[in-house]
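Trainee: just a sequence and a predicted model for now, questions to come.
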Amino acid sequence: AQSVTQLDSQVPVFEEAPVELRCNYSSSVSVYLFWYVQYPNQGLQLLLKYLSGSTLVESINGFEAEFNKSQTSFHLRKPSVHISDTAEYFCAVSEGLTGGGNKLTFGTGTQLKVEL
Amino acid sequence: DVKVTQSSRYLVKRTGEKVFLECVQDMDHENMFWYRQDPGLGLRLIYFSYDVKMKEKGDIPEGYSVSREKKERFSLILESASTNQTSMYLCASSLGTPSYEQYFGPGTRLTVT
C-alpha cells in the first residue's frame, strides 16, 4: 500500500526567503506525484504534478518539485516566497493503476506561514 | 473550467440526525470522491465511485454511506450523525485515467452537536 509522509507540520519563513517543503512516499510500483495547495476557507487546488519524463516540474507561480526515485522523495521548493503563498500544502501519490478509482493518498499537510 | 460544487459551506446538525451532503461536477468526470479533513490528519478517503451506481469503500467508511444515481452527482450520507463526525468534508472528481488530477469542491464544514 502507498503512503505519504510530510515531516513538517508547520514551516514559518520570512518573505523573499527560500523554502522547501518535504515529501517522502512509499510504494511498490511506479507512481504519479502531486502537490496541492489549500488557501484559507477554500478547497484544494493542484499546484504541480509529476507523471513521467523530466524529474523537475514547475508551477506557474514559481514553485518547483523534483522527483527523486532513489530517495522516494518529491520535495517542493520556491527560491523566494511571497506573503500570498501562505497556505497549507499537501503532497499526494497515485499508484497509476488502470481500472476503477484513480485513488490518491495524501500526506498530513504542511502549513506554510510567510511573515513580513 | 472544471467546477465542483457542494450543497452547503456550513452545516450544523444534532446527534442522531440523518445528514445528506451533496456534490455536483460539471465536467463529465467518471470518478468522484468524498474525503474528510481534520487538523493533523490530512485528507482521508471515505468513499469513492468510478461509475454510476458503483461505489467502493475508502480508508474510513464506517458511519457513512454514499449514493451515485447520476454521473454528475455524488451524495454522502451520515445515517445517524455523531459528534466525532464533526469535520470538513471535501468532494472531488477526476477523469478515469490514473494520471489525471482530482478537482475539489470548496468543502462543507459540518458540526454535530
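Mentor: Now that the structure is in, tell me what you want to look at. Predicted model, so just to flag it, every value in this text is computed and none were measured. Residues are numbered from 1 along each chain as shown, chains lettered A, B, ... in the order given.

Trainee: near chain A, which residues of chain B are found?
Mentor: Proximity of chain B to chain A is confined to B:4, B:31, B:33, B:35, B:40-45, B:48, B:50-51, B:54, B:56, B:58, B:90, B:92, B:94-107 under the rule CB under 8 Å from any CB of the partner chain. The C-beta positions use only the backbone N, C-alpha and C, and glycine is treated the same way.

Trainee: filter those down to the ones in strands?
Mentor: Under the assignment DSSP state E, the residues of chain B next to chain A contribute B:4, B:31, B:33, B:35, B:42-45, B:48, B:56, B:90, B:92, B:94, B:103-104 to strands.

Trainee: okay, now the unreliable bits of chain A?
Mentor: In the prediction, chain A carries residues with pLDDT under 70 at positions A:96-102.

Trainee: residue nearest the centroid of it?
Mentor: Centroid-nearest residue in chain A: A:Trp35, 3.1 Å away (criterion: CA atoms, centre = their mean).

Trainee: what strand or helix carries that one?
Mentor: strand A:32-38 (DSSP states H and E).

Trainee: now find how far off-centre the following helix or strand past that strand is within its chain.
Mentor: Elements were assigned by DSSP H and E; along the chain past strand A:32-38, the next helix or strand is strand A:44-50. Using CA atoms, centre = their mean, to the nearest Å, the mean C-alpha position of strand A:44-50 is found 7 Å from that of the whole chain.

Trainee: first to last residue in stretch B:46-62, what's the distance?
Mentor: In stretch B:46-62, first residue to last residue: 8 Å (CA to CA, to the nearest Å).

Trainee: about what we covered before: of the ones in strands among the residues of chain B next to chain A, buried ones?
Mentor: Buried by 16 or more other CB atoms under 10 Å in any protein chain shown: B:4, B:31, B:33, B:35, B:42-45, B:48, B:90, B:92, B:94, B:103-104, out of those.

Trainee: got those residues as a markdown table, with pLDDT columns?
Mentor: Below are those laid out as a markdown table (pLDDT from 0 to 100):
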| residue | pLDDT |
| --- | --- |
| B:Val4 | 95 |
| B:Asn31 | 91 |
| B:Phe33 | 95 |
| B:Tyr35 | 96 |
| B:Gly42 | 91 |
| B:Leu43 | 93 |
| B:Arg44 | 93 |
| B:Leu45 | 93 |
| B:Phe48 | 93 |
| B:Leu90 | 96 |
| B:Ala92 | 95 |
| B:Ser94 | 90 |
| B:Tyr103 | 92 |
| B:Phe104 | 94 |
